[in-house]
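Following is a predicted model, sequence given first.
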Amino acid sequence: QVQLVESGGGLVQAGGSLRLSCTASGRTSTRYTMGWFRPAPGKEREFVAAISRSGSSTYYADSVKGRFTISRDNAKNTVYLQMNSLKPDDTAVYYCAATLILASNYYTDYASYAYWGRGTQVTVSS
């Protein structure tokens, strides 16, 4: 089992940047593909980004592609989400999640992730 703790959320003006962190403890985090999700109208959790165990492959929702960057430092058991050019529509609680599933076609589905953090609030003012 792995425990996840997010940090880095806050209040920022539109066009600004934030970097979220997700630190894992427990079983070795390198076993897990990591993802970021947020709530959205009509969805329990909307996929934002995911990164493979090695960090060599990354995946993004169309709504954040080109603005957000996911990365990981396995030596620190930490995954990051660099968010640039933030928009008011990006306002949400952002959740970090971990999965043992290897097939990338499952990465966008929140049901594929067994472990979740408690979330960190991001608020973007216009």
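Now that the structure is in, tell me what you want to look at.

what's the distance between the residue positioned nearest the centre of the chain and Ser126?
Geometric centre of the chain, nearest residue: Trp36, 2.0 Å, by CA atoms, centre = their mean. Counting by CB to CB, to the nearest Å, the separation of Trp36 from Ser126 is 23 Å. C-betas here are computed from N, CA, C, even on glycine.

about what we covered before: what number of residues are in the vicinity of the closest residue to the residue nearest to the centre of the chain other than its chain neighbours?
Closest residue to Trp36 apart from its sequence neighbours, by CB to CB, 6 or more residues apart in numbering: Val48 at 4.3 Å. A count of nearby residues for Val48, using other CB atoms under 10 Å, gives 25.

So which other helices or strands are in contact with the helix or strand Val48 falls within?
Using DSSP states H and E, the element containing Val48 is strand 43-51. Helices and strands touching strand 43-51, by 3 or more CB pairs under 8 Å, 6 or more residues apart in numbering; DSSP states H and E, are strand 33-40, strand 58-60, strand 68-73, strand 78-83.

Show residues contacting the first one.
Identification of contacts with strand 33-40 by CB atoms under 8 Å, 6 or more residues apart in numbering yields 20, 22, 24, 45-53, 70, 72, 79, 81, 92-102, 107, 110, 113.

quick revisit: nearest approach to Gly15 belongs to which of the helices and strands packed on strand 43-51?
Nearest of the helices and strands packed on strand 43-51 to Gly15, taken as CB to CB: strand 78-83 at 11.3 Å.

Buried residues of that closest one, list them for me.
Neighbour-count burial for strand 78-83, counted by 16 or more other CB atoms under 10 Å, picks out 78-81, 83.

now do stretch 30-45
For stretch 30-45, by 16+ other CB under 10 Å, it's 32-38, 45.
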